[in-house]
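**Q** would you be able to build a 3D model of this:
(4 chains)
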Number of protein chains: 2
Amino acid sequence: MKKVEIKCPIDYSIALLGGKWTLPIIYVLTKDSPKRFKVLEREVNGITPTMLTSRLRALEEEKLVYRKIYPTIPPTVEYGLTENAEKLKPVINELEKFGLFHQGLMK
Amino acid sequence: MKKVEIKCPIDYSIALLGGKWTLPIIYVLTKDSPKRFKVLEREVNGITPTMLTSRLRALEEEKLVYRKIYPTIPPTVEYGLTENAEKLKPVINELEKFGLFHQGLMK
DNA sequence: CAGTATCCCATAGGATACTG
DNA sequence: CAGTATCCTATGGGATACTG
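**A** Numbers count the residues shown, from 1 in each chain, chains lettered A, B, ... in the order given. Predicted coordinates for the structure are as follows:
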């Protein structure tokens, strides 16, 4: 057991999740998934299409989000959480608890 | 990281903790606190004095770290976790678990 | 020892316009 | 609808040198 490198997974997680939009996107998907692009754009407050596309592509590569295309006219694309993303729920839950605590602390 | 008035606790936590060095600094302090500046510089791998100072000042303002100065020659300054920072342990723990899981997933 | 003072840069993120 | 294509900016972060 190398206790010394135990902080690496934390760096790793922060690199993965620490962006401005990553967890907000995942969060709205935890409440209801899958969702269409336009719905995400509306529910993730303040995000632009460019950023949304960019983050969704990354999340796909990281196997946290899947993408399903329906060849309709006009196009329909659905984004949903993968099984792997289930593992994020405790993380989100703890971040939420801490956020609430610290917000209370600072005012 | 900027101080914003964010409603969503998750956005808030990410804004607070999402930087490159914040959690690494806190993490080494969870293992043993307080620590002197030089010790932190050594244990937080890769950090520069500039960044370390910058992050420690922010963490002080956020009441997660305290600073104690001993008027010795040469100067001694100790940094330690506050009680509030205890609330971060579950967050760190979950981030660590997720990091390990996802690292395994991706290789 | 415990920092500052500068200067610099990459890139995350944003604004706007356009398309299959 | 679901994106791209451009272009641009702010700032988080880094390198180096210096000081009370």
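**Q** and A:Ile69, what helix or strand is that in?
**A** strand A:65-70 (DSSP states H and E).
**Q** show me what that strand pairs with in its sheet, parallel or antiparallel.
**A** If you go by DSSP bridges, strand A:65-70 pairs up with strand A:76-81 (antiparallel).
**Q** can you count the residues close to the nearest residue to A:Thr76 once chain neighbours are set aside?
**A** Using Cβ to Cβ, 6 or more residues apart in numbering or on different chains and skipping the chain neighbours, the partner closest in space to A:Thr76 is A:Tyr70 (4.2 Å). C-beta here means a position set from N, CA and C on the backbone, and glycine is covered the same way. By the measure other Cβ atoms under 10 Å in any protein chain shown, the count of residues near A:Tyr70 is 9.
**Q** what's the spacing between A:Tyr70 and A:Glu78?
**A** Between A:Tyr70 and A:Glu78 the computed distance is 7 Å (Cβ to Cβ, to the nearest Å).
**Q** just A:Pro34 next, same as before
**A** Relative to A:Glu78, A:Pro34 is positioned 4 Å away (Cβ to Cβ).
**Q** what sits in contact with each of those two?
**A** A:Lys68 (Cβ atoms under 8 Å, 6 or more residues apart in numbering or on different chains).
**Q** contacting residues around the residue nearest to A:Thr76?
**A** With contacts defined as Cβ under 8 Å, 6+ apart, A:Tyr70 is in contact with A:Thr76, A:Val77, A:Glu78.
**Q** list the buried ones in whichever helix in chain A runs longest?
**A** Counting residues, the longest helix found in chain A (DSSP state H) is helix A:89-106. The neighbour-count check on helix A:89-106 (16 or more other Cβ atoms under 10 Å in any protein chain shown) flags A:Pro90, A:Val91, A:Ile92, A:Glu94, A:Leu95, A:Glu96, A:Phe98, A:Gly99, A:His102, A:Gln103 as buried.
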